[in-house]
Each structure stands twice: as structure tokens, then as C-alpha cells.
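Student: structure, please.
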Amino acid sequence: MQETLDARGKACPIPVVETKKVLATLNVGDSVEVAVDNFIAVQNLSKMAAQKHFQVFSEKKAENDYLVTLTVTGTSSKESAEKTVRISDSSVDKTVVVLSSDKMGEGDEKLGRILMKGFIYALTEQEQLPETILLYNNGAKLSVEGADSLADFKLLESQGVEIMTCGTCLNHYGLTEKLGVGSVTNMYVIAEKQMQATKIVKP
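Tutor: Model prediction:
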């Protein structure tokens with residue numbers, strides 16, 4: 001069986017996320033053809049295929065028009081099953097994601113906001129979710145009403161992820177009454193959560 005997916009015009013990491021969803025429904029020997037409009041998406045899909053041990057073939061059809069074909073193999077199915085076992089065994093893991101800015105990285109601010117939105121969306125698609133997400137300083141703006149990633153945070157919260165935003169920061173930015181998800185916290189709890197974490201992720 002061969003599926004097709006049109007991921008043209010979709011920003012990173014959506015092409016990879018949507019492709020993974022299709023692959024999860026396929027059997028050994030099945031494949032999916034993914035249409036994308038930039039070479040970065042081709043590279044990201046190829047890297048994902050390598051990590052999962054899928055067969056991958058890509059070709060450039062025209063300018064800004066690429067076709068990537070991924071095929072499920074017996075090796076990839078075995079690896080997926082083993083990964084599921086590893087995830088179950090790591091249930092005591094306490095990963096804390098720290099967001100201290102509404103932008104990701106240094107440089108262009110508009111790009112930084114796009115990257116942060118993509119990162120938060122990517123969190124919702126992880127097989128193992130973090131235990132807690134801490135938001136402070138400019139990061140507090142990410143969890144208020146009207147924020148671009150509010151729906152993603154609500155989805156994470158519905159799946160058991162604790163969303164905690166610094167109250168001092170909300171007050172500083174005049175956003176105390178606009179918190180849209182999770183709870184208000186203080187610096188003692190922020191410090192405690194990080195001290196007790198088994199892993200801290202700060203993009």
C-alpha cells in the first residue's frame with residue numbers, strides 16, 4: 001500500500017510530524033510519498049527516516065517541488081517496538097522544559113518567534129512528554145490569552161503536563177488576569193522543580 005501526503009507550504013516541523021502519523025498506520029513494505037516545497041524539509045524527512053530505519057528516496061521534480069518516499073521495513077517495526085518498551089521503563093523520568101523567552105535563539109526576532117512556536121508544537125507530538133513546563137520572564141507571554149501557542153499548551157496540559165507561569169513576570173507585564181492555561185507559580189517552586197528534575201530542556 002502506498003499513501004500520499006501533500007506537505008507543501010507547511011512550516012517545520014509539521015511535514016515530519018504528519019509523515020510520522022501516516023507511517024504509524026502502515027505495515028512492513030508499505031510506503032508514503034510526501035510532497036514538500038523546500039530542501040530543508042527533504043533533509044528533515046531523510047534524517048527521521050534514518051533514525052527510524054525506514055528506506056527513503058527523494059527527488060526534485062521542479063523548482064520548490066520535491067517528492068520524498070519513505071518505506072516501512074521490518075527493522076523499523078522492531079525498533080519501534082523496542083522504543084515503546086524503553087519509554088515504559090523510563091516512567092520515573094522528570095523532564096522539565098524551561099521557557100524564559102517568547103523567542104528561540106538569538107538574531108531575528110520574527111524568526112525567533114516562529115521557531116519557538118514550532119518547538120512548542122513539536123513538544124505536543126513527542127512520544128514522551130515532559131513532566132513540567134516552566135515559563136518566566138518573556139516566556140510568560142506564551143501562556144496568556146491570545147498567544148499563538150495557547151492551544152498547544154492546553155493540549156499538553158490535557159495530557160498531564162504541568163504548565164506553570166511565574167506570577168511576578170505576569171504582573172510585571174500586566175498580564176496577571178490574562179493567564180490562559182496552567183497555574184501561576186513563584187520562584188521558590190521554579191527553583192524546586194529544576195533542582196528535582198532528571199533533565200532540563202531550555203531551547
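Student: the nearest residue to residue 121 once chain neighbours are set aside is in what secondary structure piece?
Tutor: In space, and not counting its chain neighbours, residue 121 is closest to residue 152: 5.3 Å by Cβ to Cβ, 6 or more residues apart in numbering. From N, CA and C alone the C-beta is placed, and that goes for glycine too. Element membership for residue 152, per DSSP states H and E: helix 150-158.
Student: what's next to that helix, contact-wise?
Tutor: Counting by Cβ atoms under 8 Å, 6 or more residues apart in numbering, helix 150-158 makes contact with 120-121, 123-124, 129, 133, 142-144, 147, 163, 180-182, all of which sit outside it.
Student: for those, name the two members farthest from one another.
Tutor: Taking Cβ to Cβ as the measure, those reach their widest spread between 129 and 144, a distance of 21.7 Å.
Student: okay, the two: which has more neighbours?
Tutor: The residue with more neighbours, out of residue 129 and residue 144, is residue 144; 19 against 15, by other Cβ atoms under 10 Å.
Student: residues near the residue nearest to that one when sequence neighbours are not counted, how many?
Tutor: The spatially closest residue to residue 144, leaving aside those adjacent along the chain, is residue 178, at 4.3 Å (Cβ to Cβ, 6+ apart). Neighbour count of residue 178, defined by other Cβ under 10 Å: 14.
Student: need the contact list for residue 178.
Tutor: 144, 145, 146, 170.
Student: quick one, phi psi at residue 97?
Tutor: The phi and psi values for residue 97, taken as degrees, to the nearest 10, are phi -100, psi 130.
Student: hmm, back to that, now do the residue nearest to residue 144 against residue 142, distance only.
Tutor: Residue 178 sits 12 Å away from residue 142, going by Cβ to Cβ, to the nearest Å.
Student: what do you get for residue 185?
Tutor: When residue 185 is compared with residue 142 (using Cβ to Cβ), they lie 14 Å apart.
Student: so which of the contacts of helix 150-158 sit within strands?
Tutor: 133, 163 (DSSP state E).
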